[in-house]
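S.K.: structure, please.
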Amino acid sequence: MRFPLSRELAQLRKLSKGLKAAYRGSDPQRRVTHFDGWTRRAAAEGAGAADYDHAQTVREYYDLCSEFMVFGWGASLHFAPLSPHESLEESKIRHQRLMIAKLGLCKGMTVIDVGCGIGGPMRRVVREAGVRVIGVNSSEVQLDKAKALNVEAGLDHMVDYLACSFMDMRAIADDTCDRAYAIESTCHAPDKAGAFAEIYRVLKPGALFWGQEMCLTERFDPGDDRHRAIKQELMHGIALKDIATMDEVNRALESAGFQVIEGSDRAVAENSPTTPWYQPMLTRRSTLGNALRRTPLGRKAFIEASRLAEVLRVFPRGSADVVGLMDRTANAYVDGGRTGIFTPLYCFLARKPR
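M.R.: Okay, the predicted model is just below:
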């Protein structure tokens, strides 16, 4: 399939501008090296050291990678159940609309987007349900991007922004939000039950909460060296302090006070026949341009292209190291999916009792 070269060049120029704004004169290469040591620092904390801050690790992960994520994956930075007859982009839209329906969103509600990223789902929620959204994010790089995109979409007046950790949203009063959703965000929580308790606090009695968690499946065998290695690669590359099972997520919700209405791994439960959730990182599902960014060969080529862009000062020096980190993480995603031990699509609906 052919694609317009001018469109790709325009997107590369946009990426260049975004990288320079995100890195703000810092040294990405040094930052990647420091990030790579986070699991060692976290282990030292477990042995008695007290200087490790996992929230800072998560913030650094997104500050480093967000612009490349958007370039390769689009503005909605999450996985979705895939249909054989849809592109990745279409599947994400369908998945977001399912969330809107499950939450029963309607005009006049105030909804909290827990870990809003750059606001891809937020803009669909505002546009299609007419709700007001509070976007919570600890990454100011992502929050600035979300604001800019919301202004561009004409939706900024419907969104309030809160730069903080979702572990401590004290700027939001108790019992004030009608609904909440957390898409691949609370998986980063150092204390999942604590994160859910804080979300519980800000919701009104009777309010619904939708979540999408990255989880280990029942196929994970802690005695299998291969399984443990894949888990460690996933934790390292996605900045996850641990990876919960689906049952552990449910127990954390219940310990926070929520009633779990439903929960399922939508990677396997929604479509028959299903398309593996990790397929876009292996083969082309949409435009050729996106294939060049997502597939193994395309990612390797883009690493080398990024090195050339650094020499030409189109990309900040060290950008290729960020792409290399993301390539390694993509391989871990695929390994987790192929073995069946990992899913990014455990979706639940819970209610705060009246």
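
S.K.: what about the helices in the protein?
M.R.: Applying DSSP state H to the chain gives helices spanning 5-23, 28-36, 38-46, 54-73, 88-103, 120-129, 140-153, 192-202, 225-238, 246-256, 266-269, 288-294, 296-311, 319-339.

S.K.: so which of those gets nearest Leu349?
M.R.: Leu349 lies closest, by Cβ to Cβ, to one member of the helices of the chain: helix 88-103, at 5.3 Å. Every C-beta, even on glycine, is put in place using the N, C-alpha and C of the backbone.

S.K.: list the helices and strands the closest one packs on?
M.R.: helix 120-129, strand 177-183, strand 203-216, strand 342-351 (3 or more Cβ pairs under 8 Å, 6 or more residues apart in numbering; DSSP states H and E).

S.K.: and the ones you listed, which is most packed in?
M.R.: strand 177-183 (a mean of 25; mean count of other Cβ atoms under 10 Å).

S.K.: export it to CSV, keeping only CA atoms.
M.R.: The C-alpha trace of strand 177-183 is given here as CSV (Å, rounded to 0.1, in the frame of the first residue of the first chain):
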residue,chain,number,x,y,z
CYS,A,177,-17.5,13.0,40.9
ASP,A,178,-20.3,11.1,39.1
ARG,A,179,-18.1,8.6,37.3
ALA,A,180,-14.4,7.6,37.0
TYR,A,181,-12.3,5.7,34.6
ALA,A,182,-8.7,4.6,34.7
ILE,A,183,-7.3,3.2,31.4
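
S.K.: which residues sit against that strand?
M.R.: Here strand 177-183 makes contact (Cβ atoms under 8 Å, 6 or more residues apart in numbering) with 78, 99, 103-105, 109-115, 117, 121, 125, 131, 134, 166, 199, 202-204, 207-212.

S.K.: what pairs with it, parallel or antiparallel?
M.R.: strand 110-114 (parallel), strand 203-216 (parallel) (DSSP bridges).

S.K.: those strands: which one's closest to Asp225?
M.R.: Using Cβ to Cβ, the strands paired with strand 177-183 put strand 203-216 closest to Asp225, at 15.6 Å.

S.K.: that closest one versus helix 88-103: what angle between them?
M.R.: Between strand 203-216 and helix 88-103, the angle comes out at 140 degrees (axes from the mean of the first three to the mean of the last three Cα atoms, to 10 degrees).

S.K.: where's strand 203-216 relative to the chain centroid, distance-wise?
M.R.: Relative to its chain's centre, strand 203-216 lies at 15 Å (Cα atoms, centre = their mean, to the nearest Å).

S.K.: also stretch 168-182?
M.R.: With Cα atoms, centre = their mean, you get 20 Å for stretch 168-182.

S.K.: what distance separates the start and the end of it?
M.R.: Across stretch 168-182, the terminal residues are separated by 15 Å (Cα to Cα, to the nearest Å).

S.K.: before we move on, back to that, let's have the helices of the chain in CSV, adding distance to Arg170.
M.R.: Output for these, formatted as CSV (distance: least, Cβ to Cβ, whole Å):
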stretch, distance to Arg170
helix 5-23, 27
helix 28-36, 28
helix 38-46, 24
helix 54-73, 15
helix 88-103, 24
helix 120-129, 22
helix 140-153, 17
helix 192-202, 9
helix 225-238, 27
helix 246-256, 17
helix 266-269, 33
helix 288-294, 39
helix 296-311, 40
helix 319-339, 32
